[in-house]
Every structure is written in structure tokens, then in C-alpha cells.
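> Sequence and predicted structure, then a few things I'm wondering about:
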Amino acid sequence: MNKNKEGLVKKSTFIAVFFFVVLTIWLLLLIFKGLNQNSNSAQVWSATYQIIAWFGALSGFYFSNLWGRWKSLMGRANFAFAFGLLAQAFGQSVFSYFFFSGIEAPYPSIADIGFFGSIPLYTYGIVLLAKASGIHFSFKLFSSKMQAFLIPLGILILSYFILLKNYQFDWNQPLTIFLDLGYPFGQAVYVSLAIVTYFLTKFFLGGLLRKTVVLFIVALFVQYFADYAFLYQISRDTYIGGLEIDYLYLISYFVMTISIIQLGSVFYKIKNSE
């Protein structure tokens with residue numbers, strides 16, 4: 001095995017951690033200075049942290065080559081997660097454009113093409129990851145792993161009572177209704193699939209994939225909470241932006257990036273064991 005190529009996993013991890021630490025310190029300095037979300041300095045930070053998503057996407061495209069790109073399930077899974085991060089970066093870029101153009105960010109907007117578009121992409125990635133592990137989804141499988149649905153069920157219940165209770169259906173805005181319901185439901189679906197995959201990858205590759213799946217679950221959970229905080233404010237017309245919400249997105253992008261890099265690590269571990 002080419003040690004230089006294997007070392008790319010460590011280098012990629014270091015770069016991702018470096019970006020995350022620098023962006024975190026930068027944010028702490030902004031908070032220490034008492035700058036609010038609408039300050040130019042804070043908005044520059046908000047427009048910059050998507051660099052983590054871009055780096056994660058590039059890592060996904062590279063490591064997909066190890067698995068044969070589209071020719072293998074793992075290769076396609078890398079692509080799916082990478083495109084999911086690109087979709088998030090697109091949404092972030094649109095929001096930054098709105099601010100620096102002096103436009104009040106609408107909801108829904110073209111940014112939701114990216115934000116909501118990441119849901120089917122992440123879902124597809126998890127399904128491919130599960131299939132690569134030899135898992136075949138069926139009703140019998142789900143019924144035997146009901147514990148995997150307790151947390152996602154809790155998510156939906158929480159979304160209903162805090163976000164959707166007394167929800168006013170304005171059928172003159174069907175897209176808004178679709179997104180308001182689609183975000184929590186779609187994210188509960190991919191979290192459910194990720195948890196099922198975790199339970200069923202115990203013996204696959206000696207359990208090598210389980211740690212990576214855990215990272216994906218964490219990334220998807222944080223993604224949910226970031227979207228939840230955003231939608232909560234939007235639904236009550238109280239959204240004024242917030243560095244705290246942006247930081248949740250940063251954490252999600254960072255953990256997703258590390259997860260993608262770890263898929264490359266799994267490949268090298270398999271090759272070294274042969």
C-alpha cells in the first residue's frame with residue numbers, strides 16, 4: 001500500500017481540524033467584541049465557514065476514486081455525501097449574497113434548493129452505505145430494529161409540539177408548507193436509516209464501518225438541530241440571523257467532512273489487512 005496516499009487521510013483530517021479551530025477562534029473573537037449577526041465582520045465569517053463544506057466535498061470526490069467511483073456502492077456513497085455538502089454550501093452562498101446585496105433573506109428562497117436538496121442526497125448516501133454493508137432494507141428489518149426509531153420518533157414529536165403545533169396551513173403558499181413539513185420529516189428519515197445501519201454493521205469488516213456511521217449520525221443530528229433552530233425562528237417571524245445557528249451548521253459540516261475522510265481510512269485498513 002502506498003504510504004503517501006494513505007497519509008492523505010491524516011493530512012485531510014488535519015486540514016479539516018485546522019479550518020474548524022481557526023473558524024471557531026475567529027467566532028469567539030467576534031463574540032468577545034460584542035458584534036451582532038448583522039455586522040459586516042460577522043457576515044464575513046458567516047460567508048467563510050462554508051469552506052469546510054467545500055473541503056469535505058472535495059475530499060469525498062477524491063476518496064470516491066479509491067472505491068471505484070460510480071462503479072461501487074461505497075464510491076457512490078462518497079459522491080452522495082460530497083454533493084450533499086455542496087448543496088449546503090450553495091444555500092450558504094445564496095444567503096451571503098442576499099446580505100451583501102442588501103436583500104432581506106426570504107423563505108422559501110433559492111437557497112432552499114441547496115438546503116433541502118441535501119436531505120435526499122444524504123439519505124441516498126446512507127442507503128448506499130447500508131447496502132455496501134450487505135444490508136437489505138425490508139419491513140421485517142425495520143420491525144426488528146424498532147429501537148432505532150425511538151430517537152427519530154422523538155424528533156418528530158418535538159418538531160410537532162414546538163414547531164408545528166397550531167401550524168396554520170396557508171394553501172396560498174404550498175411551497176412553504178412543503179418545506180416546513182419536509183425538513184423535519186426528511187431529516188428524521190435519514191437519521192432513522194443511519195441508526196439502523198449502525199446497529200447492523202457490527203460484524204461488517206470487523207466493525208470498522210461502525211465508527212464512521214456514528215460520525216455520520218452525529219453530523220446528521222447537528223444538521224437537524226441547526227435547521228430546526230432556523231425554522232423555529234422563521235415560523236415565528238423572529239429570524240434575525242444568529243452566529244449560534246451558523247456555528248451549528250459549521251459543526252455539522254465539520255463532522256460530515258471527517259466522516260467522509262474516515263471512509264477513505266476504512267479503504268486503506270481493508271487493503272492493509274489483505
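Structure's in. What do you need?
> which intervals of this protein have sub-threshold pLDDT?
Low-confidence segments of the chain (pLDDT under 70): 1-6, 35-38, 133-153, 155-156, 158-170, 200-208, 234-242, 267-274.
> now the helices for it?
3-32, 40-48, 51-66, 73-100, 111-132, 139-144, 150-158, 174-200, 208-235, 243-273 (DSSP state H).
> Could I get these in TSV, plus columns for mean neighbour count?
Just so you know, the C-beta spots here come from the backbone N, C-alpha and C atoms, and that holds for glycine as well. Formatted as TSV, the helices of the chain follow (neighbours: other Cβ atoms under 10 Å):
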stretch	mean neighbour count
helix 3-32	14
helix 40-48	17
helix 51-66	22
helix 73-100	22
helix 111-132	22
helix 139-144	11
helix 150-158	15
helix 174-200	19
helix 208-235	20
helix 243-273	22
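> Tell me the spacing between the nearest residue to residue 64 once chain neighbours are set aside and residue 50.
Closest residue to residue 64 apart from its sequence neighbours, by Cβ to Cβ, 6 or more residues apart in numbering: residue 78 at 3.6 Å. As defined by Cβ to Cβ, to the nearest Å, residue 78 lies at a distance of 20 Å from residue 50.
> and the end-to-end length of stretch 64-76?
Stretch 64-76 has an end-to-end distance of 7 Å (criterion: Cα to Cα, to the nearest Å).
> cool, stretch 63-74 as well?
OK, stretch 63-74 end separation, Cα to Cα: 10 Å.
> what distance separates it from the centre of its chain?
20 Å (Cα atoms, centre = their mean, to the nearest Å).
> same thing with stretch 114-132?
10 Å.
> Can I get it as CSV, trimmed to CA atoms?
C-alpha atoms of stretch 114-132 as CSV (Å, rounded to 0.1, in the frame of the first residue of the first chain):
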residue,chain,number,x,y,z
GLY,A,114,-29.4,23.6,-1.6
PHE,A,115,-30.6,23.2,2.0
PHE,A,116,-33.5,20.9,1.3
GLY,A,117,-31.6,19.2,-1.6
SER,A,118,-29.1,17.9,0.9
ILE,A,119,-31.8,15.7,2.5
PRO,A,120,-32.3,13.3,-0.4
LEU,A,121,-28.6,13.3,-1.1
TYR,A,122,-27.7,12.4,2.5
THR,A,123,-30.5,9.8,2.6
TYR,A,124,-29.2,8.2,-0.6
GLY,A,125,-25.6,8.2,0.8
ILE,A,126,-26.8,6.4,4.0
VAL,A,127,-28.8,3.8,1.9
LEU,A,128,-25.7,3.1,-0.2
LEU,A,129,-23.5,2.8,2.9
ALA,A,130,-26.0,0.3,4.3
LYS,A,131,-26.2,-1.7,1.0
ALA,A,132,-22.4,-1.8,0.9
